[in-house]
Each structure stands twice: as structure tokens, then as C-alpha cells.
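J.: after the sequence you'll find the predicted model.
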Amino acid sequence: MGEQVWPLRVTVVPYVLLACLAAVTIPIKRDQPGSLAVDLGLCALIALWTLGMFTLRPARRTDVRAMAIFVAGFVVLLAVLVVRDPWFGFLTPAGYFYTFVLLPWPGKLLGIGAVAVIAGTAQAYDIPKTNVLGLFGFAAVVGVNVVGMCLAAWLGHRGEELSQQRQEAVDALTETNRRLEATLAENAILHEQLLTQARDAGMIDERQRMAREIHDTLAQGLTGIVTQLQAAENAADWRRHVTTAVGLARESLTEARRSVHALRPQPLQSATLSEAIADVVRRWSAVHGIDVQLTTTGTPRVLTPEAESTLLRATQEALANVAKYAQATRVGVTLSYMEKQVALDVRDDGAGFDPGRITSSEAGGFGLVAMRERVEALNGTLEIESEPGFGTAISATVPMTGARA
């Protein structure tokens with residue numbers, strides 16, 4: 001029964017039924033004052049029992065033990081009334097109300113069965129019980145009441161279980177939706193943070209790329225131009241040095257434009273890596289007047305544009321450092337194609353330096369840092385071996401990719 005419906009049925013209806021049945025009993029037994037007095041006394045007793053155990057004590061209605069005692073007493077008094085006068089069977093609905101509402105399962109089933117026996121007894125009151133047929137009829141009436149009401153009780157209990165399961169499922173789904181909403185909100189925050197971090201990382205990567213490109217193009221080009229112009233001041237063939245400086249300026253301008261647009265270095269546009277390195281070595285040797293020996297080993301293969309650009313820039317940076325600091329007389333460049341990687345080695349017999357004391361704030365330091373960043377970005381390695389007075393050896397290795405050329 002609904003929570004807003006059953007209180008009226010269990011607090012008012014039993015008294016109304018009892019009062020009506022008592023009123024009916026008076027004219028029926030007015031010629032039997034003793035029996036009438038007993039019936040009215042039983043009516044008063046059951047009313048007082050209900051009043052004292054249930055109506056006036058609402059706080060005890062949730063006490064299972066107290067309500068079981070109350071229902072048991074009510075059923076006993078009701079049974080006495082029905083045995084005395086069958087019309088008190090009309091009070092059995094009150095017994096059903098109390099049993100359905102107040103008793104838990106499976107005690108509810110026992111109470112309903114007891115009330116059903118009383119109802120069946122009242123209904124079969126006129127059936128003679130002196131023969132087998134009469135007893136069978138009596139048992140049939142009682143059985144129909146017991147089976148019907150117990151079945152109704154079981155169906156009601158099953159319906160309550162299903163309703164509770166549905167409610168639990170709804171509550172679980174509501175909780176899941178709440179957690180999902182919270183998770184989505186957290187994911188939205190994390191997504192925003194990731195976008196911010198990615199944007200910041202992209203800006204940092206682009207700044208580092210531009211710094212490397214500026215160093216590899218403008219800085220080296222300007223250094224070469226300054227060197228040629230200084231040489232032209234005191235040289236008889238100053239026109240050659242000026243022409244070389246102009247050529248370097250044009251090349252630097254072209255490379256700067258390509259760097260801004262993140263394009264491949266110009267030497268790699270129409271030549272393989274080994275050919276581009278050979279061209280760089282030839283032009284550098286011609287400008288600085290230093291003998292360079294280039295060696296290529298292994299079978300040349302096609303690398304990714306990033307790997308080829310990295311090795312070409314490493315060659316340019318290493319040779320630029322030789323020109324600025326090494327005071328070398330001989331330089332060796334080796335490009336080695338191995339099974340799983342490609343190695344570039346640049347060696348000179350110059351003044352050398354202490355690699356542990358070079359930082360990005362010192363002259364030439366940023367070039368080595370940029371070279372290492374480029375190589376390690378491709379999962380490669382960069383090794384620098386040098387000692388004051390014993391020259392320098394730089395080795396850059398990147399993984400091999402692509403098919404044979």
C-alpha cells in the first residue's frame with residue numbers, strides 16, 4: 001500500500017467496522033443479554049487493544065516485535081469473535097490491513113494465513129461439519145481463502161522487491177550519471193590544460209627551431225661575410241673576397257627565407273645527402289683554404305627529410321666551429337651508412353677545447369647545443385671528443401629509415 005493510503009485504513013477503518021458490527025450484534029442478541037454482554041466486552045477489548053498497542057503509540061509502529069505482538073493479539077481476539085458470531089468475519093479486512101502493513105516478510109505470510117483461516121471459518125459457518133462432505137466443504141472454503149490471500153501476499157512482496165530493484169537501479173544510474181558528469185567536467189578542464197600546454201610547447205619548439213635556423217643560416221653566413229671582408233682589407237685580390245662575401249650573403253638570405261617557411265635546406269632540394277655534404281665541404285674548403293678529406297662508406301640510402309637536414313646542419317656547424325676556433329690545417333669528414341643508422345664524423349687537428357666547460361652562453365656553445373637538440377630529437381646520439389692541443393672529433397648518429405637509394 002502507498003505510504004499516503006494505508007494509515008487511514010489501519011487507523012480509522014478498523015474502528016468503523018468494529019462499531020458497525022457491535023451495532024449489528026445488539027439487535028441480534030437483545031434476547032440474550034449474557035451473550036450480548038460477552039460480545040460487547042470482546043469488542044471493547046479488541047478496540048482497547050488496538051488503541052493501546054497501535055493507535056496511541058505511533059512511535060512503536062516501526063518496532064517489528066511490538067507490531068508482531070499486536071497483530072497476534074488482534075488475530076486471537078478476532079478468532080474468538082468469529083467463533084462466537086460469524087458476522088464478525090467482516091472485521092477480517094482490518095486483520096489483513098494490519099498484517100500487510102505492519103509485519104515483515106516472511107512473518108507477513110504467517111499472519112495472512114491465520115487471518116485467512118478466520119475469514120474462511122466465518123464464510124463456512126453454515127456448512128455442517130458432522131460428515132465428511134461437510135468437513136471437505138469447510139476445508140475447501142478455508143483453503144481457497146488461505147491460498148488466495150497468501151498468493152496475493154507473495155505477488156505483492158515480489159512486486160515490492162522488483163520495485164526496490166528498479167529504484168536501486170535508478171539510483172545507481174543516477175549516481176553513475178553524476179560521476180560521469182563530474183568526470184566530463186574534469187576531462188574538460190584537463191583538455192583545456194592540455195591545449196594550453198600544447199600551445200606553449202608549440203611556441204617553445206618553434207622558438208627553438210627558429211633559434212637553430214638563425215644560427216645555422218644568418219649567424220654562420222654573417223660570420224663568413226665578416227671574415228671575407230676583413231681579408232679583403234689587406235689583400236691584393238680584394239675583389240675575390242668581396243665576391244665571395246656577396247655570394248655568402250645571397251646564400252644566407254635564401255636559407256633564411258627557407259627557414260622561415262620551414263623548408264628543407266637548399267642543397268638537399270636537388271641532391272642526395274652525400275652530394276649535398278660534398279658540396280658544403282668543397283665550398284667551405286675553397287673559402288677558408290683548409291684541406292678537407294670527405295669519405296663516404298656503405299650503401300647510400302634515402303633518409304627522412306628531418307634526418308638529412310639534421311646531418312647537413314651538423315656538417316655546417318662543425319665546419320663553422322673549425323673555421324672560427326680550431327686553427328686547423330686538416331679536416332676529415334666521414335659519412336657512414338650502416339645497417340640501422342647513419343653516422344657523420346668531423347675531425348680536425350686544431351687547438352681543441354674542454355667539452356665539459358662549454359655552455360650555450362659561450363662562443364660557439366649554442367651551436368653545439370642546437371646540434372645536440374636536432375640529433376636527439378630524432379632519437380640519435382651526439383658525441384664530442386676534444387682535448388686542448390689535440391684537435392676535436394664530433395660524431396652524430398641518427399637511426400636509418402627508408403629504402404635503398
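T.: It's in.
J.: give me the low-pLDDT residue ranges for the stretch 201-350 of the chain?
T.: Within the stretch 201-350 of the chain, the stretches with pLDDT under 70 are 205-221, 228, 255-270.
J.: mind listing the helices in it by residue range?
T.: 220-233, 238-260, 273-288, 305-321 (DSSP state H, counting those that start in this stretch).
J.: so which of those comes closest to Phe88?
T.: Taking C-beta to C-beta, helix 305-321 is the member of these nearest to Phe88, at 100.6 Å. For glycine as for every other residue, the C-beta is placed from the backbone atoms N, C-alpha and C.
J.: show me which residues of the closest one are buried.
T.: Across helix 305-321, burial judged by 16 or more other C-beta atoms under 10 Å covers 307-321.
J.: and it, how far from the chain's centre?
T.: From the chain centre to the centre of helix 305-321 is a distance of 44 Å (C-alpha atoms, centre = their mean, to the nearest Å).
J.: using the three-state scheme, assign Ile46.
T.: Secondary structure, DSSP: H, G, I helix; E, B strand; the rest coil: Ile46 is helix.
J.: quick check: the gap between it and Arg57.
T.: 16 Å (C-beta to C-beta, to the nearest Å).
J.: who has more neighbours out of these two?
T.: Taking neighbours as other C-beta atoms under 10 Å, Ile46 and Arg57 compare with Ile46 leading, 22 against 13.
J.: tell me which element the closest residue to that one other than its chain neighbours falls in.
T.: In space, Ile46 comes closest to Leu77 once its chain neighbours are excluded; the distance is 4.4 Å by C-beta to C-beta, 6 or more residues apart in numbering. Using DSSP states H and E, Leu77 sits in helix 64-84.
J.: show the pLDDT at the residue nearest the centre of the chain.
T.: In the chain, the residue lying closest to the centroid (C-alpha atoms, centre = their mean) is Thr183, at 6.8 Å. In this model, Thr183 is scored at 91, pLDDT.
J.: how about Glu383, phi and psi?
T.: Its backbone dihedrals place Glu383 at phi -120, psi 130, with angles given as degrees, to the nearest 10.
J.: one more: the one 5 residues further on?
T.: Dihedral angles of Pro388 (phi, psi; degrees, to the nearest 10) stand at phi -50, psi 120.
J.: next one: Lys129
T.: Torsion angles, degrees, to the nearest 10, at Lys129: phi -110, psi 30.
J.: quick check: it touching Leu135?
T.: Yes: judged on C-beta atoms under 8 Å, Lys129 makes contact with Leu135 at a distance of 5.6 Å.
J.: ok, back up a step: so which of the helices of the stretch 201-350 of the chain is the most surrounded?
T.: helix 305-321 (a mean of 23; mean count of other C-beta atoms under 10 Å).
J.: phi, psi of Glu339?
T.: Dihedral pair for Glu339: phi -60, psi -40, per degrees, to the nearest 10.
J.: picking up where we left off before, ok, now how distant is the residue nearest to the centre of the chain from Leu190?
T.: Here the criterion is C-beta to C-beta. By it, Thr183 lies 10 Å from Leu190.
J.: try Ile290
T.: Separation of Ile290 from Leu190 (C-beta to C-beta): 56 Å.
J.: which one of those two has more residues nearby?
T.: The neighbour comparison of Ile290 against Leu190 (other C-beta under 10 Å) goes to Ile290, with 19 against 10.
J.: what sits against that one?
T.: Each residue near Ile290 by C-beta atoms under 8 Å, 6 or more residues apart in numbering is listed here: Trp284, Val322, Ala323, Ala328, Thr329, Arg330, Val331.
J.: ok, now with 6 Å
T.: Val331 (C-beta atoms under 6 Å, 6 or more residues apart in numbering).
J.: same question for the one 5 residues further on.
T.: For Thr295, the contacting residues are Thr334, taking C-beta under 6 Å, 6+ apart as the criterion.
J.: next, count neighbours for the nearest residue to Thr121 once chain neighbours are set aside.
T.: Distances taken as C-beta to C-beta, 6+ apart put Val82 closest to Thr121, at 5.8 Å, once the chain neighbours are dropped. Look at Val82: counted by other C-beta under 10 Å, it has 23 neighbours.
J.: and the one 3 residues further on, by the same measure?
T.: When counting by other C-beta under 10 Å, one arrives at 20 neighbours for Asp85.
J.: give me the phi and psi angles of it.
T.: According to degrees, to the nearest 10, Asp85 has phi -140, psi 120.
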